[in-house]
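Student: Just to be clear, the model below is a prediction. Sequence and coordinates:
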Amino acid sequence: MKIICPDGNGYSYYVQAVDTSRYTRAGGVETFLVKAGDYWNGPDGSDALNFRERCEARVTTEDAVGSTHTYAFHLKIPTDYAEFSPKQTLGQWHNGVYDSVYNRYENGEFLICLNNHDSDSFVDYPVVITKGVWNTFRYTFTWHPTNGAVTAVVNGKTVVKAGGLSLVPADASSVYFKYGIYRNMTKGLIAPDQQASYRLVSRA
C-alpha cells in the first residue's frame, strides 16, 4: 500500500509498506519496520515475484540529470538490530532503472556504493556508524553521465569526494531518492525483523 505523507523538507513523498503498522512518524522521527514477506505492492506485484522486502519512503520530487543537489539525514539503527546477509539498503538514489548510489549494510559493515551498469563501474566506500545513536549523513551529487560528482560526509568526516564520474546512464533523465529499509532476498530465505529510524531528512 501507499502511505501518503506530508511534504518533506524540499521534497514530496509516500511510503511503500505492506500496511500502516510498518511505518510511524512522530516527533520528527520516521521509523521503518520490515518483516519476512513484506511485499508492499501485494502477492502478485513485482516485489513478491523478485523476493524484495521493503518499507521505504519514495521521494516523488526528482533531480534532473545535469543538476546538483544536497541530501542530508540522521539515521539510527537499534542496538539489537538483527545482523543479516544478504544486504540491506538504507537509502538509495535511483535513475529509473537501477540505483546509481546506495547505502549498503550487511553483517555490521556499512558501505556507500557508486554503481553504473552501463560503464560496468562499481566502487564502494566503507563507513563507520554506531548502533543505538543518531549517525549524520550529508551527500552532494552532480548527476551527469560523464562528469558526475559525489561528496559524502558521515558523522563529520568526508568519506567520499570524487568527480568526473559516470554517475547515471546516458539515457537517464532524472534521479529520485528512497530511504527506509529494502532487502533483496532469494526464494525460501526467511529474514528477521529489522527496524531503522530517520530524522531531519532534507533535499536542497
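Tutor: Everything's here; your move.
Student: before we move on, which element is the residue most central in space within the chain in?
Tutor: Centroid-nearest residue in the chain, with C-alpha atoms, centre = their mean: G91, separated by 1.4 Å. Secondary structure assignment for G91, by DSSP states H and E: strand 88-94.
Student: which residues of this structure score low on pLDDT?
Tutor: By pLDDT under 70, the chain contains no weakly predicted segment.
Student: Mind jotting down where the helices sit in it?
Tutor: All helices of the chain, identified by DSSP state H, fall at 46-50.
Student: What is the burial count for the closest residue to G132 other than its chain neighbours?
Tutor: Nearest non-adjacent residue to G132, counting by C-beta to C-beta, 6 or more residues apart in numbering: T79, 4.0 Å away. All C-beta spots, glycine's among them, are computed from the backbone N, C-alpha and C. T79 has 9 neighbours, counted by other C-beta atoms under 10 Å.
Student: ok, T79 touching V133?
Tutor: No - here T79 does not reach V133: they are 9.1 Å apart, not a contact under C-beta atoms under 8 Å.
Student: can you tell me which residues contact the residue nearest to the centre of the chain?
Tutor: Applying C-beta atoms under 8 Å, 6 or more residues apart in numbering to G91 gives the contacts 73, 75, 102-103, 137, 177-179.
Student: Let's see that with 10 Å instead.
Tutor: By C-beta atoms under 10 Å, 6 or more residues apart in numbering, the contact list for G91 reads 56-57, 71, 73, 75, 99, 101-105, 112, 137, 139, 177-182, 196, 198, 201.
Student: F32 versus that one, what's the distance?
Tutor: Distance from G91 to F32, counting by C-beta to C-beta, to the nearest Å: 11 Å.
Student: Find residues that contact each of these two.
Tutor: Common neighbours of G91 and F32, using C-beta under 10 Å, 6+ apart, are 56-57, 179-182, 196, 198.
Student: Just send those residues back as JSON lines, with distance to T24 and neighbour count too.
Tutor: Shown next, in JSON lines, are the shared contacts of G91 and F32 (distance: C-beta to C-beta, whole Å; neighbours: other C-beta atoms under 10 Å):
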{"residue": "E56", "distance to T24": "14", "neighbour count": "23"}
{"residue": "A57", "distance to T24": "12", "neighbour count": "25"}
{"residue": "Y179", "distance to T24": "15", "neighbour count": "27"}
{"residue": "G180", "distance to T24": "12", "neighbour count": "27"}
{"residue": "I181", "distance to T24": "13", "neighbour count": "22"}
{"residue": "Y182", "distance to T24": "18", "neighbour count": "23"}
{"residue": "A196", "distance to T24": "12", "neighbour count": "22"}
{"residue": "Y198", "distance to T24": "11", "neighbour count": "22"}
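Student: Please identify which two of those are farthest apart in space.
Tutor: For the shared contacts of G91 and F32, with distances taken as C-beta to C-beta, the pair at the greatest spread is Y182 and Y198 (13.4 Å).
Student: so what sits against both of those two?
Tutor: Counting by C-beta under 10 Å, 6+ apart, the residues touching both Y182 and Y198 are 32, 90-91.
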